[in-house]
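J.: With the input below, show me the fold.
(one chain, ligands or ions: 1)
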Amino acid sequence: MDLYLDSADLDEIRAARDLGALDGVTTNPSIIAKAGADFHERMAAICELCEGPVSAEVTATEHDAMLEEAEPLVEIGEQIVIKLPCTTDGIRACNSLSSRGVRTNLTLCFQPLQALMAAKAGAFLISPFIGRLDDIGQDGMDLIQQIRTVYDNYGYETQVLAASIRHPMHLVQCALIGADVATVPFKVIEGMMKHPLTDQGLEKFLADWKKRG
Ligand code: G3P
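T.: Numbering: from 1, shown residues only. The predicted model follows:
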């Protein structure tokens with residue numbers, strides 16, 4: 001399973017890269033707003049640090065305006081993947097961009113038929129949001145399983161990118177189901193390297209080492 005960092009924080013991106021855990025980066029308008037940086041400049045800086053796919057989301061909501069907004073973004077670097085919402089206009093824009101060879105990431109996916117439409121429109125990635133479904137009392141992981149099954153049944157090549165991941169167990173479940181990619185905040189990457197028995201075991205090893213004759 002590929003691991004993308006869901007962040008526009010350059011320090012976090014460098015830290016994930018140094019761990020060998022940076023297969024790509026995803027951003028969204030909330031993440032860019034939080035970073036407080038110029039959108040295009042920050043995307044260029046991220047492309048300097050990441051060789052894999054880097055998702056840049058449009059904020060336009062209509063087909064033609066989405067394409068206009070995508071144009072300068074794809075010039076930033078060959079890593080750029082245009083992120084579009086799973087709306088009618090977003091799917092149309094996906095179809096237009098895919099037919100020109102531009103990779104897309106269809107975001108805010110909450111049901112398997114949106115994923116089917118994204119695949120038909122040639123999306124490179126589909127982003128089902130697990131945590132936000134969990135938040136409203138549905139099991140977000142069911143959606144990952146449903147999309148995996150639909151894509152496998154018919155051989156769609158769109159990659160399933162599990163998003164809105166809140167904790168390491170989400171990641172374990174995604175890997176067991178067979179999501180192609182998971183995008184995670186940096187705190188989840190940190191959590192992937194932690195186990196209390198590792199800390200206790202290390203403490204004991206070092207204490208024993210100090211006592212040696
Ligand atoms: O990748 C989508 C992600 O940024 C949304 O996460 O935690 O805001 O639902 P969250």
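
J.: make it CA atoms for all contacts and neighbour counts henceforth
T.: Will do.

J.: count of neighbours near the residue in the chain that the ligand sits nearest to?
T.: Of all residues in the chain, residue 164 sits closest to the ligand, at 3.5 Å by Cα to the nearest ligand atom. For residue 164, the count of nearby residues is 22 (other Cα atoms under 10 Å).

J.: ok, now residue 31?
T.: 14.

J.: Spell out which helix or strand contains it, please.
T.: helix 29-35 (DSSP states H and E).

J.: Extract the CA atoms of that helix and return them as PDB.
T.: The C-alpha coordinates for helix 29-35 follow below in PDB (Å, rounded to 0.1, in the frame of the first residue of the first chain):
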ATOM      1  CA  PRO A  29      -8.300  23.900   0.400                       C
ATOM      2  CA  SER A  30      -8.500  23.600   4.200                       C
ATOM      3  CA  ILE A  31      -4.900  22.300   4.400                       C
ATOM      4  CA  ILE A  32      -3.600  25.100   2.200                       C
ATOM      5  CA  ALA A  33      -5.500  27.700   4.100                       C
ATOM      6  CA  LYS A  34      -4.000  26.300   7.400                       C
ATOM      7  CA  ALA A  35      -0.500  26.500   5.900                       C
END
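
J.: one step back: enumerate every residue touching the residue of the chain closest to the ligand.
T.: If a contact means Cα atoms under 8 Å, 6 or more residues apart in numbering, then residue 164 has 128-132, 183-184 as its contacts.

J.: go again using 7 Å as the cut-off
T.: 129-132 (Cα atoms under 7 Å, 6 or more residues apart in numbering).

J.: Can you add secondary structure, neighbour count and distance to residue 105 and give those back as CSV?
T.: Formatted as CSV, these follow (DSSP: H, G, I helix; E, B strand; the rest coil; neighbours: other Cα atoms under 10 Å; distance: Cα to Cα, whole Å):
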residue, secondary structure, neighbour count, distance to residue 105
129, strand, 22, 13
130, helix, 25, 16
131, helix, 20, 18
132, helix, 18, 18
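
J.: Quick one: those as CSV, columns for distance to the ligand too.
T.: CSV is the format used below for the contacts of residue 164 (distance: Cα to the nearest ligand atom, whole Å):
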residue, distance to the ligand
129, 6
130, 8
131, 5
132, 5
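
J.: rewinding a little: tell me the gap between the helix holding residue 31 and the middle of its chain.
T.: How far helix 29-35 lies from its chain's middle: 15 Å, per Cα atoms, centre = their mean, to the nearest Å.
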